[in-house]
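S.K.: I need the structure of the sequence given here:
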Amino acid sequence: MGASEHDTGIPVSERNQLLPTGGRTMTTITFDTHAYVKTLREAGFTEPQAEAQTNALATAMFAGELATKQDLSLMERNLKQEVDALRKETKQDIRELALATKHDIQTLGQEMRETELHIDARMEALKSDLIKWVVGLALAQVGLLVGILLKLAH
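M.R.: Presented below is the predicted three-dimensional model:
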């Protein structure tokens, strides 16, 4: 086993790469495990302690998906663009809805005026029919009264 493997069986060059992110692009973060073990050894850690600390730190760093400031900045820009696009789309939808509502109100107003004219025309026709009936009944009553008076006069 080479000195760069530090009892893990994985060469430093392979441990230094960020784990795959499921097809998404993220910034690669390197971690020099050899230098970290060396620093710990110089600080008084035993070889097994330094290896354990290095492996724990590497696992913690690379077990999850780490985002860099650049990743967060890119995400922020993308989110701002999406929010701006949604804002524009929403404003456009509101304008279209306002126009459609205005058109619907105008159409309803026109339909109401047409209905009012139809009702007025129908009322005039009914008034005319009523007058005809009243005049007809009045003439019939006059005729009946004249007939009764003529019968009584004889």
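
S.K.: report all helices and strands that the one helix or strand residue 55 maps to contacts.
M.R.: For residue 55, the host element (DSSP states H and E) is helix 47-63. Where contact means 3 or more CB pairs under 8 Å, 6 or more residues apart in numbering; DSSP states H and E, helix 47-63 is packed against helix 33-42. Any C-beta I mention is one placed from the backbone N, CA and C, and that applies to glycine too.

S.K.: how far off helix 47-63 does the helix it packs on point, in degrees?
M.R.: For helix 33-42 against helix 47-63, the angle by axes from the mean of the first three to the mean of the last three CA atoms, to 10 degrees is 140 degrees.

S.K.: helices or strands next to helix 33-42 in the packing?
M.R.: With contacts defined as 3+ CB pairs under 8 Å, 6+ apart, helix 33-42 has these neighbours: helix 12-15, helix 47-63.

S.K.: so where does residue 30 fall, helix or strand?
M.R.: Residue-wise, residue 30 maps onto no helix or strand under DSSP H and E.

S.K.: count of neighbours near it?
M.R.: 10 (other CB atoms under 10 Å).

S.K.: secondary structure element holding the residue positioned nearest the centre of the chain?
M.R.: Geometric centre of the chain, nearest residue: residue 86, 8.3 Å, by CA atoms, centre = their mean. Assigned by DSSP H and E, residue 86 belongs to helix 69-153.

S.K.: what pLDDT, on average, does that helix get?
M.R.: Average pLDDT, helix 69-153: 95.

S.K.: which strands or helices does it pack on?
M.R.: Under the contact criterion of 3+ CB pairs under 8 Å, 6+ apart, helix 69-153 touches no helix or strand at all.

S.K.: related to what we said a few turns ago, now the helices and strands packed on helix 33-42 in a markdown table, with distance to residue 127, mean pLDDT and mean neighbour count?
M.R.: Putting the helices and strands packed on helix 33-42 into a markdown table (distance: least, CB to CB, whole Å; pLDDT from 0 to 100; neighbours: other CB atoms under 10 Å) gives the following:
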| stretch | distance to residue 127 | mean pLDDT | mean neighbour count |
| --- | --- | --- | --- |
| helix 12-15 | 100 | 45 | 15 |
| helix 47-63 | 91 | 85 | 14 |
